[in-house]
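1. Task: produce atomic coordinates for the following.
(one chain, ligands or ions: 2)
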Amino acid sequence: MKKKSVVTAVLATAVLGTSLVSATPSFAAEEKVAFNQEYKTPSFIGEKWVAPKGLDKKQTVIAFLDAKKGEFKIKNAADSFKVKSETADKATKSTHFRLQQQVNGVPVFGADSAVSVDAEGNVNSFFGQVVPEEILADAATEAKVSGKEALKIASKAIAKEVGKLGKLDKEKAELFVYAVDGKATLAYVTEVSFLDPAPGRYITVVDAVSGKILEQENLIHDDKYDKQGAKVATGYTTVESIKDEAAVADAVAANATGSGYGILGNYQTFEVTLSGSTYYLRGTSRGLGTETLNANNGTSRLYYVTSTSTTFSDAAAVDAEAYAERVYDYYKNNFGRNSVDNAGQQLLSVVHYSRKYNNAFWNGTYMVYGDGDGSVFRPLSAGLDVIAHEMTHGVTEHSANLVYQNESGALNESISDIFGAMVDRDDWLMGEDVYTPATPGDALRSISNPAAYGDPDHYSKRYTGTEDNGGVHTNSGINNKAAYLLSDGGTHYGVTVTGIGREATEKIYYRALTLYLTSSSNYAAMRQAAIQAATDLYGATSTQVNSVKQAYSAVGVN
Ligand code: D38
Ligand code: ZN
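-> Numbering: from 1, shown residues only. Ligands and ions are numbered 1, 2, ... in the order given. Got it, this is the predicted structure:
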């Protein structure tokens with residue numbers, strides 16, 4: 001089922017301003033409009049658009065899009081866009097809309113956008129992707145297959161690839177008009193996730209008329225995993241401490257502070273919940289709660305982590321819970337964000353996943369940590385940056401929703417690495433506390449010097465193959481380097497960047513992620529989104545804005 005990936009066409013965006021070959025990078029004027037390379041519709045508009053009198057903000061956004069309908073290649077903005085969210089920003093008194101392109105009321109896959117309206121009610125910026133209606137006209141308007149049937153078709157195909165599926169953590173089917181290579185199809189984009197028999201988060205695109213699978217991709221699939229796939233245990237030993245989930249939920253519970261020693265021997269405190277005479281590794285004060293569960297070196301069942309006192313002895317579980325709480329607090333204290341979805345979503349962590357599993361991942365429901373094989377990795381929850389990286393995938397999914405492929409996928413990875421390094425603030429390395437216990441000082445990736453681990457530190461060095469979803473863990477280096485230069489400064493390929501510090505840097509990236517980036521954003525959009533965020537926070541002529549421009553020019557993103 002390997003093919004052209006789920007969204008390659010949608011993602012094949014690149015900015016072509018009028019002057020691709022601009023003057024010396026640091027002096028280049030910012031382009032006011034950028035275009036999607038495939039569709040030749042705007043992907044960024046940075047000009048102020050003065051609203052006609054008498055419109056409210058939402059009407060202004062639609063009027064703006066309608067005024068540009070020729071460029072967007074649509075007939076009528078009111079029919080073509082649906083407002084998904086409206087967020088008021090106290091800092092700048094601006095209002096931020098997220099919109100979804102639709103045709104006959106059906107959303108167009110990957111065609112979302114972000115439009116900001118300033119305090120005076122004028123449009124400030126547009127970011128996103130709009131597919132010409134001419135292309136969409138081909139799609140059928142009526143589904144012959146139901147969402148349920150589409151999920152059945154998807155699950156059957158997945159089982160054929162990985163074997164009989166265990167409990168499904170998520171099953172979702174959404175009807176879209178799905179455009180690829182200039183051809184539009186009415187299709188269900190389904191998502192099926194599970195931990196058993198192997199980690200799966202499958203996106204399957206099913207033709208809503210014929211039931212044919214157009215594309216299928218596992219987002220938790222990579223070559224490194226394939227190599228150790230054979231080692232994944234299919235069976236597991238049951239433990240006596242197995243508890244009935246319902247019984248625990250029904251019991252009268254009380255909170256307490258628990259403690260224990262983590263993998264690296266550090267003393268950790270965290271929330272625990274007393275139910276009957278048993279303490280659970282569960283906190284209730286952060287959003288809808290935090291909880292750490294134990295896969296017990298299997299893949300098919302999750303067990304409670306319990307103790308007869310507030311002291312917990314499972315070191316990997318202690319770290320997972322303590323650090324999940326710390327990452328929650330980082331987002332809450334710095335940005336007022338309430339969990340991954342900003343609505344308190346319960347934070348679930350799974351430890352001791354599979355056997356000797358050398359990785360950690362976010363599957364849309366859980367953060368999952370392997371124990372490592374002891375030589376390549378120690379239990380991965382021992383890394384605060386690892387936990388921040390995984391949880392940030394959840395934050396991204398609920399904000400920009402950067403598609404996990406090619407440039408947007410590399411940005412998705414980079415955002416996770418950047419916040420990993422912001423939470424675990426003492427260095428710019430990823431995974432240094434868990435990788436190769438016998439080799440001190442090394443890491444999985446370096447944000448300050450990606451090249452030290454073979455990752456690109458300039459756009460011209462980007463990987464353009466298809467491995468790892470188009471090199472998402474490789475090309476992340478380009479944006480990682482920009483973030484590092486922005487924070488700490490330096491001269492890179494002859495371009496000097498004035499550092500603005502970690503505090504300003506994290507604010508800029510959080511703002512760009514939550515207000516300006518969209519699912520199809522590429523590096524060029526990232527540059528513009530960071531400039532826009534820095535402009536909001538510090539003003540258009542600030543050193544911070546200038547440093548953002550320098551940082552992106554230094555990594556070849558102009
Ligand atoms: C290196 C080696 C063996 C396995 C791995 C890496 C070796 O040197 O022999 C597997 N691996 C681990 C990681 N990357 N690859 C690191 C973790 C970070 C967070 C510590 C990581 N995980 C991925 C992610 O969260 O993006 O980056 C998991 C991706 C799963 C979806 N594609
Ligand atoms: Zn990641």
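2. Quick check: phi and psi at L274.
-> For L274, the backbone dihedrals (degrees, to the nearest 10) come out as phi -90, psi 130.
3. and the residue nearest to L402 when sequence neighbours are not counted, how many neighbours?
-> Distance criterion C-beta to C-beta, 6 or more residues apart in numbering; nearest residue to L402, sequence neighbours excluded, is N412 at 3.9 Å. Heads up, the C-betas are built off the backbone N, CA and C, glycines and all. Counted with other C-beta atoms under 10 Å, the neighbours of N412 add up to 27.
4. my guess is N412 meets N406, correct?
-> No. If you go by C-beta atoms under 8 Å, N412 and N406 don't touch, sitting 10.2 Å apart.
5. that older thread, which SSE is immediately downstream of the host helix or strand of the residue nearest to L402?
-> If you go by DSSP states H and E, N412 is part of helix 406-423. On the C-terminal side of helix 406-423, the closest following helix or strand by DSSP H and E is strand 429-430.
6. which strands and helices sit next to that next one?
-> Here strand 429-430 touches helix 384-397, helix 406-423, strand 445-446, going by 3 or more C-beta pairs under 8 Å, 6 or more residues apart in numbering; DSSP states H and E.
7. Name every strand pairing with the shortest one and say which way it goes.
-> Looking back up the chat, that one is strand 445-446. strand 429-430 (antiparallel) (DSSP bridges).
8. Of the helices and strands packed on strand 429-430, give the one that comes closest to A137.
-> Closest to A137 of the helices and strands packed on strand 429-430 is helix 406-423 (C-beta to C-beta; 26.1 Å).
9. then the closest one to PDB, C-alphas only?
-> In PDB, the C-alpha atoms belonging to helix 406-423 read as follows (Å, rounded to 0.1, in the frame of the first residue of the first chain):
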ATOM      1  CA  ASN A 406       7.500  16.700   4.300                       C
ATOM      2  CA  GLU A 407       8.000  20.300   5.300                       C
ATOM      3  CA  SER A 408       5.000  20.600   7.500                       C
ATOM      4  CA  GLY A 409       6.000  17.300   9.200                       C
ATOM      5  CA  ALA A 410       9.600  18.600   9.700                       C
ATOM      6  CA  LEU A 411       8.100  21.700  11.300                       C
ATOM      7  CA  ASN A 412       5.900  19.500  13.500                       C
ATOM      8  CA  GLU A 413       9.000  17.600  14.700                       C
ATOM      9  CA  SER A 414      10.900  20.800  15.200                       C
ATOM     10  CA  ILE A 415       8.200  22.400  17.300                       C
ATOM     11  CA  SER A 416       8.400  19.300  19.500                       C
ATOM     12  CA  ASP A 417      12.200  19.500  19.800                       C
ATOM     13  CA  ILE A 418      12.100  23.200  20.400                       C
ATOM     14  CA  PHE A 419       9.600  22.900  23.300                       C
ATOM     15  CA  GLY A 420      11.500  19.800  24.500                       C
ATOM     16  CA  ALA A 421      14.500  22.000  24.900                       C
ATOM     17  CA  MET A 422      12.500  24.900  26.400                       C
ATOM     18  CA  VAL A 423      11.000  22.600  29.100                       C
END
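10. Could you check the angle it makes with helix 384-397?
-> Taking axes from the mean of the first three to the mean of the last three C-alpha atoms, to 10 degrees, one finds helix 406-423 and helix 384-397 inclined to each other by 130 degrees.
11. sorry, back to before: would a markdown table of the helices and strands packed on strand 429-430 with mean pLDDT be doable?
-> Listed next are the helices and strands packed on strand 429-430 as a markdown table, based on pLDDT from 0 to 100:
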| stretch | mean pLDDT |
| --- | --- |
| helix 384-397 | 98 |
| helix 406-423 | 98 |
| strand 445-446 | 98 |
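12. mind checking the SS state of A533?
-> Look at A533: counting by DSSP: H, G, I helix; E, B strand; the rest coil, its state is helix.
13. Sorry, wrong one. I was asking about D468.
-> D468 - assigned by three-state DSSP - is helix.
14. I'd say it and T474 touch.
-> Yes. Taking contacts as C-beta under 8 Å, D468 lies within contact range of T474: 6.6 Å.
15. Between the two, which has more neighbouring residues?
-> For D468 versus T474, the count of surrounding residues by other C-beta under 10 Å is larger for T474: 22 against 19.
16. so what's the more buried one up against?
-> A410, G454, D455, P456, Y463, D468 (C-beta atoms under 8 Å, 6 or more residues apart in numbering).
17. before we move on, which element is the third one in?
-> In other words, D455. Using DSSP H and E, no helix or strand contains D455.
18. And the residue lying closest to Y459 once chain neighbours are set aside, how far from ligand 1?
-> Closest residue in space to Y459, ignoring its immediate chain neighbours: G556 at 3.5 Å, by C-beta to C-beta, 6+ apart. Distance, G556 to ligand 1, by C-beta to the nearest ligand atom, to the nearest Å: 24 Å.
19. who's in contact with G556?
-> With C-beta under 8 Å, 6+ apart, G556 has these contacts: H458, Y459, S460, I478, Y493.
20. so which of the residues you listed comes closest to ligand 1?
-> Checking these against ligand 1 with C-beta to the nearest ligand atom, the nearest one is I478 at 16.1 Å.
21. Could you look up the next helix or strand downstream of the helix or strand harbouring the closest one?
-> Using DSSP H and E, I478 sits within helix 467-488. Sequence-wise, the next helix or strand downstream of helix 467-488 (DSSP H and E) is strand 490-492.
22. For that following strand, name the packing helices and strands.
-> Using 3+ C-beta pairs under 8 Å, 6+ apart: strand 490-492 touches helix 467-488, strand 495-497.
23. Swap in 10 Å and give it another go.
-> With contacts taken as 3 or more C-beta pairs under 10 Å, 6 or more residues apart in numbering; DSSP states H and E, strand 490-492 sits against helix 467-488, strand 495-497, helix 543-554.
24. Just say which of these is most tucked in.
-> For the helices and strands packed on strand 490-492, the largest average neighbour count (mean count of other C-beta atoms under 10 Å) is found in helix 467-488, namely a mean of 25.
25. starting at the chain centroid, how far to it?
-> Relative to its chain's centre, helix 467-488 lies at 14 Å (C-alpha atoms, centre = their mean, to the nearest Å).
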